[in-house]
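Colleague: predicted model, plus sequence, below.
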Amino acid sequence: MFGGSTSLKLKLTLLVLAALIVAGTFYYTNDIVQSLQNRERQVVELFANGLEYIANNDASNQDYTFIFENIVKPIDFPMILTDANDNPNVDGIGGGYKNLDIDTTLSKEEIKSILKKEIIEMSVINPPIIVTYADSIIQSKIYYGDSKLIAMLRYYPFLQVISALVFILIAYVSFSYVKKTEQSNIWVGLSKETAHQLGTPISSLLGWNEILKMSYAEPDKVLDVTYEMDSDLERLNKIAQRFSKIGSKPELKENNIYEILERVVNYFHRRLPHTGKNVSINLHGENEIMGKVNPDLFEWVIENLIKNALDAIESSEGKIDIRIVKINKLVEIEVEDNGKGIDQNRKKEIFKPGYSTKRRGWGLGLSLSKRIVEDYHRGKIFVKTTSLNEGTTFKIILE
């Protein structure tokens, strides 16, 4: 009922976050590209100033050498020098072009044709730098493109986004598979749990029905049987109530939690003789501890913990101690057994759907208990202590 809305909000939040990350990546990369382009333009302007100096002054060979060794030679981006009419200067200063992969065995006319095509492409990327003579006469123009670093940076955000999308796709497929597996375990577990929960009272009712057939002439015995049948019918009704509350928001009311625990303990006291184990179940604590709970669901939690404790006790004799105490506004409940304990490496797995150490178990009891306590009652349930062959203590904290 509430899962779809939460899932939608989570997806929208992740989508907005992803959009912000992508926008931030493009903005940051574009800022770096702009800075590099400005720096390259400054280099070209410095080269243009050098050419203007040579054109306007009686420059020596030493001046030429300084310009080409310290300005032109370190340039790592493509550049073409033209005259005032955009004709490439193949024989001019610096060879007319730099950092262009052109076959030098071609004729000058062929090279000029290639350079003119490059000029058109470069003019789209960057406006040319004008070299003037006598402050007004256009002597030449310098066209230039982006360096390999800038070209790589332009594509970097796209590569990053594609990589992120591939990663997200793989993660989504993986998580979907895990989620489907967990959901499958939950549905299988629920169906088996339903059959298990209904099986005991139904079998009992069938037995009482046979007794009624044989005792119809004994009113007192019939009365006793109907009393037991009422008990089983009440149990069936309780089971139906429990399953009807799973998936919806349960109503929490102030209840005597000690009495809830006592009802569950008494139920198991009646069933213990049929288990073949000599196990004592003891309840400790004040009998007036109140708290906001849903009785049907909370009884289910305690039943699951006691069942888990009974399954963990492999010897013919065992002990289960249930303690309840109220500290400030918190109600703390502990269920302790002297069973086989839990491996430390598996403590975090026991609440996952499908986890079970029993050969024929379906591993839903503790998972349901965690959902009921933490999602419905806003409490906590965890393994307080456990040691192999010494026992386990589960703890529940309710506000």
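Modeller: Happy to help now that I have it. Small disclaimer: the values here were computed from a predicted structure and weren't measured.
Colleague: can I get the helix or strand where Leu81 lies in PDB, CA atoms only?
Modeller: Assigned by DSSP states H and E, Leu81 belongs to strand 79-83. The C-alpha trace of strand 79-83 is given here as PDB (Å, rounded to 0.1, in the frame of the first residue of the first chain):
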ATOM      1  CA  MET A  79      47.500  26.600 -36.700                       C
ATOM      2  CA  ILE A  80      47.500  28.200 -40.200                       C
ATOM      3  CA  LEU A  81      49.100  31.500 -41.200                       C
ATOM      4  CA  THR A  82      47.400  33.300 -44.200                       C
ATOM      5  CA  ASP A  83      47.700  36.600 -46.000                       C
END
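Colleague: please identify the helix or strand for Tyr172.
Modeller: helix 148-214.
Colleague: partner strands of the next helix or strand after the strand holding Leu81, with direction?
Modeller: Using DSSP H and E, the helix or strand that follows strand 79-83 in sequence is strand 97-98. Here strand 97-98 is paired, per DSSP bridges, with strand 79-83 (antiparallel).
Colleague: and the strand it pairs with, average pLDDT?
Modeller: Strand 79-83 shows an average pLDDT of 87 in the prediction.
Colleague: ditto for stretch 284-291
Modeller: Per-region confidence: stretch 284-291 scores 91 on mean pLDDT.
Colleague: try stretch 382-394
Modeller: 89.
Colleague: quick one: list the elements packing against the helix holding Tyr172.
Modeller: Other elements packing on helix 148-214 under the criterion 3 or more Cβ pairs under 8 Å, 6 or more residues apart in numbering; DSSP states H and E are helix 3-56, helix 219-245, helix 365-370. Placement of C-beta: from N, CA and C, glycine included.
Colleague: pick the most deeply packed of the ones you listed.
Modeller: Counting by mean count of other Cβ atoms under 10 Å, helix 365-370 has the highest mean neighbour count of the helices and strands packed on helix 148-214, with a mean of 22.
Colleague: give the next helix or strand downstream of it.
Modeller: Taking DSSP H and E, what comes next after helix 365-370 is strand 380-387.
Colleague: how far does whichever helix or strand comes after that next one sit from its chain's centre?
Modeller: Toward the C-terminus, strand 380-387 is succeeded by strand 391-398 as the next helix or strand (DSSP H and E). From the chain centre to the centre of strand 391-398 is a distance of 28 Å (Cα atoms, centre = their mean, to the nearest Å).
Colleague: still on that earlier bit, so for Val124, which of the helices and strands packed on helix 148-214 sits nearest?
Modeller: helix 3-56 (13.5 Å; Cβ to Cβ).
Colleague: what's the mean pLDDT across that closest one?
Modeller: 77.
Colleague: tilt between that helix and helix 148-214?
Modeller: With axes from the mean of the first three to the mean of the last three Cα atoms, to 10 degrees as the basis, helix 3-56 and helix 148-214 are set at 180 degrees to each other.
Colleague: strands along the stretch 251-399 of the chain, start to end?
Modeller: Assigned by DSSP state E, counting those that start in this stretch, the strands in the stretch 251-399 of the chain fall at 253-256, 278-285, 290-293, 317-327, 330-337, 380-387, 391-398.
Colleague: out of those, flag the one nearest Gln34.
Modeller: Among these, strand 380-387 comes nearest to Gln34, with 52.7 Å by Cβ to Cβ.
Colleague: can you point out the buried residues in the closest one?
Modeller: Going by neighbour count (16 or more other Cβ atoms under 10 Å), the buried part of strand 380-387 is Ile381, Phe382, Val383, Thr386.
Colleague: tell me the helices and strands packed up against it.
Modeller: Contacts defined by 3+ Cβ pairs under 8 Å, 6+ apart place strand 380-387 against strand 391-398.
Colleague: give me the sheet partners of the strand it packs on and which way each runs.
Modeller: Sheet pairing of strand 391-398 (DSSP bridges) gives strand 330-337 (antiparallel), strand 380-387 (antiparallel).
Colleague: redo the ones you listed as CSV? Include distance to Asp343.
Modeller: Formatted as CSV, the strands paired with strand 391-398 follow (distance: least, Cβ to Cβ, whole Å):
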stretch, distance to Asp343
strand 330-337, 16
strand 380-387, 8
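Colleague: isn't there a strand covering Asp76?
Modeller: No - using DSSP: H, G, I helix; E, B strand; the rest coil, the assignment for Asp76 is coil, not a strand.
Colleague: going forward, the N-terminal residue is numbered 19.
Modeller: I'll keep to 19 as the first residue from here, and by that count the last item is Asp94.
Colleague: that one and Ser165 touch, don't they?
Modeller: Yes - the criterion here is Cβ atoms under 8 Å, and Asp94 meets it with Ser165 at 5.4 Å.
Colleague: neighbour count: those two, which is higher?
Modeller: Using other Cβ atoms under 10 Å as the criterion, Asp94 and Ser165 rank with Ser165 on top: 18 against 12.
Colleague: you'd agree the more buried one is up against Leu54?
Modeller: Yes - using Cβ under 8 Å, Ser165 makes contact with Leu54 at a distance of 7.2 Å.
Colleague: per-residue pLDDT, the residue positioned nearest the centre of the chain?
Modeller: Note on the chain: the residue nearest the mean C-alpha position is Phe193, at 8.2 Å, using Cα atoms, centre = their mean. According to the prediction, Phe193 has pLDDT 78.
Colleague: if we can go back for a sec, and the helix holding Tyr190 with helix 237-263, angle?
Modeller: 170 degrees.
Colleague: if we can go back for a sec, distance to Val179 added to the helices and strands packed on helix 166-232, as TSV?
Modeller: Below are the helices and strands packed on helix 166-232 laid out as TSV (distance: least, Cβ to Cβ, whole Å):
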stretch	distance to Val179
helix 21-74	6
helix 237-263	45
helix 383-388	38
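Colleague: out of the ones you listed, the one nearest Lys198 is which?
Modeller: That would be helix 21-74 among these, by Cβ to Cβ, at 14.3 Å.
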